[in-house]
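S.K.: Just need the structure, nothing else, for what follows:
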Amino acid sequence: MKYDIHQSTAYSYASSVPVARHVVRMVPVERANQRVVASHFTVEPEPAEWTETRDFFGNKVVHIRIETPHRSFVVKTRARVEVEAPREVPAQAGPSWEATREAANGSLDLSAQSPAHFLFPSPAVPLSPAITDWTATSFPPDRPMLDACIELMQRIHAEFTYDPRATDVSTPPLEAFEMRAGVCQDFAHIMIAGLRGLGLPAAYVSGFLRTEPPPGKERLQGADATHAWVAVWCGEAIGWQGLDPTNALTVATDHVVLAVGRDYTDVAPIGGVVFGSGRQKLKVEVDVIPMPDEPSPRREPPRPPA
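M.R.: Numbering: from 1, shown residues only. Reported below is the predicted structural model:
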């Protein structure tokens, strides 16, 4: 699938802001099964300083300093991205979850793709005995790792209510778990907390969802803003597999990856410090538009010899 992505994030402030620093992760990069054909990123007002880096996990990070007094801050991303479906892996394939846990904990790999970085508590995902116990129901002895993770994803989708008013960006996973409500960030954090509580590697993925569904399919929850899902490591042979608990989907071509980390704090689309007073308002608009297949070049039939 080829997509045109239009993203706009606008903050408006109650009073003038003289100085601000922002850290922005809103530009997709090349990844497995994902190619960035073109991208264009702008901010308003004009920054005094602009620095682009890559973090440990390969995410593109833009550091911005603004010294012009302003009442709004606007970030816009335009990109064309090609997404290929990963190879299909049967749920019953691969090692058991116990064998996966042993392999992950014994890994000597320290690269960004290593499961070792995603085994332990992180700033936004502390371990919780209640979440671990609830998760363990899907992990009886010798069950294949991917099969168990898919069931866990489906249980979150079935038992939790998608409710943007129930939580905010700072809600701990245990609080959302006890309410059985929240948004994609909460569901991803709960799934990650449960897996790590069992000693299993799980990463947080931030990105976009296809805006308009294919014919006959329902529109996905979270398609109007940045979305979040989970990547689980299923052993060396299978590797990382994307699972979306908000929509009970195995990630294929409807998802575009922005950033990968241990939890939301590693991949927050926009962070930083604003010097000012009063409240602020946030407006986010996202369109992920499927592009029609380009027609093949027309070939003239061979001419008969004169």
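S.K.: Ser122 contacts Tyr264, correct?
M.R.: No: under the criterion of C-beta atoms under 8 Å, Ser122 makes no contact with Tyr264, lying 9.4 Å away. The C-beta positions use only the backbone N, C-alpha and C, and glycine is treated the same way.
S.K.: any weak-confidence spans in the stretch 201-306 of the chain?
M.R.: 213-216, 219, 221-224, 293-306 (pLDDT under 70).
S.K.: and the closest residue to Leu243 other than its chain neighbours, what does it touch?
M.R.: Distance criterion C-beta to C-beta, 6 or more residues apart in numbering; nearest residue to Leu243, sequence neighbours excluded, is Met153 at 4.6 Å. Going by C-beta atoms under 8 Å, 6 or more residues apart in numbering, Met153 touches 191, 230, 243-245, 248.
S.K.: Looking at these, which one is closest to Lys60?
M.R.: Closest to Lys60 out of those is Val230 (21.2 Å), distances taken as C-beta to C-beta.
S.K.: residue ranges with poor pLDDT in the stretch 51-200 of the chain?
M.R.: Short version for the stretch 51-200 of the chain, where the test is pLDDT under 70: none.
S.K.: Show me how the record splits this protein into domains.
M.R.: 2-83+267-290, 97-266 (automatic domain parsing).
S.K.: Doesn't the residue nearest to Leu243 lie inside a helix?
M.R.: Yes: assessed with DSSP: H, G, I helix; E, B strand; the rest coil, Met153 lies in a helix.
S.K.: what's the distance between it and Ala116?
M.R.: Separation of Met153 from Ala116 (C-beta to C-beta, to the nearest Å) stands at 23 Å.
S.K.: just so I know, which of the domains of the chain lies nearest Pro90?
M.R.: Nearest to Pro90, of those and by C-beta to C-beta, is domain 97-266 at 8.1 Å.
S.K.: and that closest one, how far out from the chain's middle?
M.R.: 10 Å (C-alpha atoms, centre = their mean, to the nearest Å).
S.K.: how long is it from one end to the other?
M.R.: 26 Å (C-alpha to C-alpha, to the nearest Å).
S.K.: likewise stretch 229-246?
M.R.: End-to-end distance (C-alpha to C-alpha), stretch 229-246: 8 Å.
S.K.: now swap in stretch 56-68 and tell me
M.R.: 31 Å.
S.K.: who's in contact with stretch 117-137?
M.R.: Contacts for stretch 117-137 (C-beta under 8 Å, 6+ apart): 104-105, 152, 155, 172-174, 177-178, 189-204, 233, 262-266.
S.K.: Looking at those, which are in strands?
M.R.: 202-204, 233 (DSSP state E).
S.K.: Now distance to Ala130 too, for those residues, in JSON lines please.
M.R.: JSON lines is the format used below for the ones in strands among the contacts of stretch 117-137 (distance: C-beta to C-beta, whole Å):
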{"residue": "Ala202", "distance to Ala130": "17"}
{"residue": "Ala203", "distance to Ala130": "22"}
{"residue": "Tyr204", "distance to Ala130": "20"}
{"residue": "Trp233", "distance to Ala130": "24"}
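S.K.: among the residues you listed, which two are most distant?
M.R.: So, the ones in strands among the contacts of stretch 117-137 by C-beta to C-beta: farthest apart are Tyr204 and Trp233, at 13.1 Å.
S.K.: and whichever helix or strand Ala148 is part of, C-alpha only, in PDB?
M.R.: Assigned by DSSP states H and E, Ala148 belongs to helix 145-159. Output in PDB follows, covering the C-alpha atoms of helix 145-159 (Å, rounded to 0.1, in the frame of the first residue of the first chain):
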ATOM      1  CA  MET A 145       4.200 -17.300  22.100                       C
ATOM      2  CA  LEU A 146       2.400 -15.600  19.200                       C
ATOM      3  CA  ASP A 147      -0.800 -17.500  19.800                       C
ATOM      4  CA  ALA A 148      -0.900 -16.500  23.400                       C
ATOM      5  CA  CYS A 149      -0.200 -12.800  22.500                       C
ATOM      6  CA  ILE A 150      -3.000 -12.700  20.000                       C
ATOM      7  CA  GLU A 151      -5.400 -14.000  22.500                       C
ATOM      8  CA  LEU A 152      -4.300 -11.400  25.000                       C
ATOM      9  CA  MET A 153      -4.800  -8.700  22.400                       C
ATOM     10  CA  GLN A 154      -8.300 -10.000  21.700                       C
ATOM     11  CA  ARG A 155      -9.200 -10.000  25.400                       C
ATOM     12  CA  ILE A 156      -8.200  -6.400  25.800                       C
ATOM     13  CA  HIS A 157     -10.300  -5.500  22.700                       C
ATOM     14  CA  ALA A 158     -13.300  -7.400  24.100                       C
ATOM     15  CA  GLU A 159     -13.100  -6.400  27.700                       C
END
